[in-house]
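A.B. asks: Let me see the structure of the following:
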Amino acid sequence: MLEDFCFKIFGPGRKLGSLVLFTMCLLIIASSISLQLFCFITDFEKFETFPQAFMSMFQILTQKGWIDVMHITMWKTGKVATLAAIYFIFYHLCVTLIVISLFVAVILDNLEMDEDIKKLKQLKAREQSADTKDMLPLRLRIFSTFSNHPQMVKVNKMTSEFNISDIRESFMRQFMELELNLVVDTQDSQDSEPPCIKTSNLPLVKNTTHEVRSGGVIEKKSGITGIVRDSNQQKGGSGGSAQMVAAGPKALSLLGQQHNIRMERRSMRGSRPGSIKIKSYPTLKENGDVMGLQTATMVGRRAEDFDIKVWQQKKQQAEIKRNQIVEDLRENHPYFDMPLFFIGRESKLRKICQLIVDAKYHYKRQDAVMGKSKNKFKTLHKLLGLVTYLDWVMIFVTIVSCSSMMLESSRRRIMKEYELQIAEYIFVVCMSIEMSLKILANGLLFTPKAVVRDFGGILDLFIYGVSLIFLIWMPTQVQAQSGAQVLLILRCLRPLRIYSLVPHMRNVVDELVRGFKEILLVSVLLIVLMFVFATYGVHLLGGKLARCNDPTVMARSNCTGFFFSKIWVTKMKLDKPEDDHPGFLVPRVWANPANFNFDNIGNAMLALFEVLSLEGWLEVRDVIIDRVGPTEALYIHFFVFIGYMIGLTLFVGVVIANYGENKGTALLTVDQRRWLDLKGRIKLAQPLHIPPRPDGNGFRSWMYDITQNLIFKRSVVFLVLANCAMLFVPWKDSDKTNILAGFSSVFTLMFLCEVFMKMVALSPGGYWTSRRNRFDMFVTLLGVLWIVLHFIPNIEWSNELGFSVIVLRFFTITGKHATLKMLMQTVVMSVFKSFFIITGMFLLMLFYAYAGVILFGTVKYGYNLGRQANFETASNAIALLFRIVTGEDWNKIMHDCMVSQPFCTPSKNYWASDCGNFTASLMYFCSFYVIITYIVLNLLVAIIMENFSLFYSNEEDALLSYNDIRQFQNTWNLVDTNRKGIIPARRVKFLLRLLRGRLEVDLEKDRLLFKHMCYEIEKLHQDGNVTFHDVLSMLSYRSVDIRKSLQLEELLAREELEYTIEEEVAKQTIRNWLDKCLKRIRQKEHSNIISNLRATNEPAFFITEPSSGTTENKEDKDESLVQTRTRKKGHVELRNPVIQPPSALQAASVRKFLTPTLSDPTIRGEKDRTNLRKRTKPLPLPQVSESRTEDDSTPPPQERPIDSTLVGRNVTSDLGQWWGELSTFSNLDTGATEII
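C.D. replies: Have a look, this model is predicted:
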């Protein structure tokens, strides 16, 4: 295992070996340059020879004591000290920020998995998650080992003459329920379905909509499309897995391309077999791309669909099976799911306890009355709903109890302080109530939701037991290294209970624990490395480092008696005679150095462990050179190079890689990683709060053009930098202070003018919509306040306010550039995401601080343990632990806490003794340094690297670039006129039409896509309003290949949503098409009625035109007016029907009516109808009037009774309404046949 792990980390050795060779060459070149630069300095041993120069430059590489090298060199060089400082600083930055990071990068690259391995691990994780769903924990599976004893019906008051067969009580109970509903309601039954069934409605068997034989049109089209697409993929395969975008003026947009890909998959899905068969496809990748044969493409995509569907079905079946097993155990074992084996499952006491335990704040996104979404204080609402009310109470009680423990010390002990005892009693009583409620509600161990179901429950019970025992015992005499002191140390675990109460912090611990295997292997590897070097160090340096404390004695035989030891009160070099120094007699002792030796394997490994942290390795090097020789110093240099440059970077790489793998980011493919980056960019993007330019060419428009000019913005940035340059000079001299204050006042007035100009250009309301403008105004007003206070005498703190305003002014630059603004937002987001990590680290430090007060609170001062660094109180212990986190002299403090007899005074109680503890000190400091420095801090680095991946990712490989998002922001501003970041859903259509660039929607080619996007917005946001991020998120989903970019859970949800949208849009399109057809049929009926009425009224018309023409001409003209029905390939097109013009009706309404003569009326009427048809021409729909002609000599006859809805204005309004509806429906897609 260790061999495989080493090969995995170090790889083939070429990359790491090349980096080691590069580092050595850099050291040799830097040492040679430094030797030539500083060898002329007399009495300067740092750079006299090449080995000394090499050691000095290697010391700077390790970042320990490099300041001493630089300061001594600056003091020796004199006039060119500044150049020397620049040289050393540049070298230090180069080796620490680049070379060390290269080692971490190489290890991370070795730990990076290939794309195929990532996909296989994702598939394996799916299968494991599906397989483990049907497994119950061991504490529940124990019931299956007992025989079944189901609860039977017991009948009382029944004579023995009637024998009743055994009937399960669960069977009878369903007929005893009072609220039994025998009528099945499908709408209500949907809510009663198990969650595993409600998660997905994807059909497992295909719909037989396109049931075609082999060689059909649809199958041929799908096959040809798949072959063409696969050939294109093979041509562009060398470009990586990037989702390519076609170029050219006639190319589809990014949204159109992804829509076509989806449509191709829909057609292939429709032609696949109806049943699911699990097969293996060794020549295909998981996402369907071709690995071997080109002809297997379509089969590969089907295999991908099968894989997702089979996994989803397996997951549902596993969950159903698990629930069924639980139900069987509940029915066959009466004691199953019974808390403490005597509380009934349906008892009122348990229900009341469950109601109290499970009470939780539920955040409602929409208002129950108005139906509008709540956008204010979302974070606060989510925080309140993070845990239950009972857990919130216990979090508060735990924090109060930990605050009370902060007041404890060796002088102020809880045994004699009643105020501290009250807090202890409150904590124990509250936790007793909490444990009782949780146990009565969910059980202790052998129930599905038992208290002890994971490590958090065990920790809770352990902390409660320790607190209860301590409160009952309350020892007044506590001896060092006794059981009572151990109980006090275990009581310090109380802050860790917050880990089990807060889910996010529990997740952090789980992520660390899941990667414990690799961390343990790295630890074993470093221990083996230290053991090898320690063994060699014992043979090389064992017994050679001891010297007499009298520097004048060199032999051990002469190291006897006393000598006069001088004392220097100060470290300053004073010109004073040697005999004037004070001192005292000291016995001569032959001893090793104070903190390390190589006399045995244990001391050698401890010394090398301290050297591995780079603390004290310079002392070890100097002692070896002074007492053994410079050649033996290569030993420690070689160990530092291997242990620090390679060993410690292993911790960094492994912790970061494990965090990414446990969180899932390390298993993401390139496209999935880009999708996460895109979501991060979308989350950081905000709408531009810039009001539109005022109309006209007035003063406000002129101001708007000035303030939005690029030169004006750069001038403001220059003024800010010039104002910050005022801090380069100290403000302590009165003369210089007045000059600096004058310049700062002028800059502040300029910034005030800028504020007024922007308020005039944008209006006060428009100016206030931007948070950046608010911050600028706040800083400017503070500057004005400082100007007023500065010229008021006897105000000493005005200068502090002045440079504070300048510092705040410097932060305004971040909002004036898009990249800087996004970078600052990422920093803030990293702080929020790291909140639980930082809080968890602080809680761990709190435990170590409480334990340190008990263990080392009374230890006597040493070389580094003193008034500022001690464990006397919890606050001092926390400050000291923060110092240890930085790695500053932690080993020296550890050795000071190891003091033992005869150098200390023991006592009966630990608080009365000033002795330390060797074993406790070793375990305490080493464990704290390893956990905090090597694990927790590296985990924090992993989170920061994950958040900042947006900025060091390649812009060309991004799914949506900053330019695309910027264009969307500009287009959003055209629609969002109020600059609130929210627009009505009906405006989204207009917004999509205005988009240009890669997000452009071509209505001629992508009309169906346009419908889908509009319906998606309306479906997801039924309250009527959509936000900036809602629309941008919808566009981002539509612009990527979801099969490659999305993970499985998100992919299933997204495909389900898109399937639903497609079905609803198809239904709506078909419904509109049918409505249009029905309207045409009704209109045809109306026109026939009008024609019949006209024909009926024509015999009464007086027509003077002679008849002309033949029947053939009439038939030709009639045939030319017939509406034809054309059909294109794949489309059904219905042209607008030709409506009979109402000119004849209009003529009838304005013409005088005559009394029919006694001559042949039938022939006359037929002739008149023929002439009327000849004179009829297609005219537009005029306004029908009921006016009479001027000639009123002949009175009109009595009109026939005609339906009022078919004459006059009613006919015209009916036709006008129909014409408007027809023009509206004509804009819809005519491809309904394809959807059908």
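A.B. asks: Report the distance from the helix or strand hosting residue 758 to the chain centre.
C.D. replies: Taking DSSP states H and E as the criterion, residue 758 maps to helix 734-768. What separates the centre of helix 734-768 from the centre of its chain is 39 Å, taken as CA atoms, centre = their mean, to the nearest Å.
A.B. asks: Determine the longest helix present in this protein.
C.D. replies: In the chain, assigned by DSSP state H, the helix with the most residues is helix 1048-1097.
A.B. asks: Which helix or strand lies directly C-terminal to the helix holding residue 758?
C.D. replies: Downstream of helix 734-768, the next assigned helix or strand under DSSP H and E is helix 771-790.
A.B. asks: in the stretch 601-750 of the chain, which spans are strands?
C.D. replies: Remark: no strands are assigned in the stretch 601-750 of the chain by DSSP state E, counting those that start in this stretch.
A.B. asks: follow-up on the earlier one: tell me what angle the helix holding residue 758 forms with helix 771-790.
C.D. replies: 150 degrees (axes from the mean of the first three to the mean of the last three CA atoms, to 10 degrees).
A.B. asks: How about helix 734-768, which residues are buried there?
C.D. replies: For helix 734-768, a neighbour-count test (16 or more other CB atoms under 10 Å) marks 737, 740-741, 744-745, 747-748, 751-752, 754-755, 758-762, 766-767 as buried. C-betas here are computed from N, CA, C, even on glycine.
A.B. asks: Output the contacting helices and strands for it.
C.D. replies: Helix 734-768 is packed against helix 699-707, helix 710-724, helix 771-790, helix 798-810, with contacts defined by 3 or more CB pairs under 8 Å, 6 or more residues apart in numbering; DSSP states H and E.
A.B. asks: what mean pLDDT would you report for that helix?
C.D. replies: Average pLDDT, helix 734-768: 84.
A.B. asks: between that helix and helix 699-707, how big is the angle?
C.D. replies: Inter-element angle recorded for helix 734-768 and helix 699-707: 120 degrees (by the same axes, to 10 degrees).
A.B. asks: which residues does the residue nearest to residue 1012 when sequence neighbours are not counted contact?
C.D. replies: Leaving out its chain neighbours, the residue that sits closest to residue 1012 by CB to CB, 6 or more residues apart in numbering is residue 1061, at 5.3 Å. Contact analysis of residue 1061 by CB atoms under 8 Å, 6 or more residues apart in numbering lists 1012, 1015, 1016, 1019.
A.B. asks: what's around the third one, how many residues?
C.D. replies: Think residue 1016. 22 (other CB atoms under 10 Å).
A.B. asks: With the one 5 residues further on instead?
C.D. replies: Taking other CB under 10 Å as the criterion, the count of residues near residue 1021 is 18.
A.B. asks: again, but for the one 5 residues further on
C.D. replies: Number of residues near residue 1026 (other CB under 10 Å) recorded here: 23.
A.B. asks: tell me the secondary structure for it?
C.D. replies: Following DSSP: H, G, I helix; E, B strand; the rest coil, we place residue 1026 in the strand state.
A.B. asks: ok, so what distance separates it from residue 980?
C.D. replies: According to CB to CB, to the nearest Å, residue 1026 stands 12 Å off from residue 980.
A.B. asks: before we move on, what about residue 42?
C.D. replies: When distance is defined by CB to CB, residue 42 is 74 Å away from residue 980.
A.B. asks: More neighbours: which of those two?
C.D. replies: Set side by side, residue 42 and residue 980 show more neighbours around residue 980, with 14 against 6, by other CB under 10 Å.
A.B. asks: and that one, that's in a helix?
C.D. replies: No: counting by three-state DSSP, residue 980 is not part of a helix but coil.
A.B. asks: what's near enough to touch it?
C.D. replies: Contacts for residue 980 (CB under 8 Å, 6+ apart) come out as residue 769.
A.B. asks: Mind doing that once more with 10 Å?
C.D. replies: Residues near residue 980 by CB atoms under 10 Å, 6 or more residues apart in numbering: 375, 687, 689, 769, 1025, 1027, 1028.
A.B. asks: Over to residue 993?
C.D. replies: 971, 1000, 1001, 1003, 1010.
A.B. asks: Show the pLDDT at it.
C.D. replies: For residue 993, the pLDDT comes out at 86.
A.B. asks: quick one on the thing from earlier: what confidence value was assigned to the residue nearest to residue 1012?
C.D. replies: If you check residue 1061, the pLDDT there is 87.
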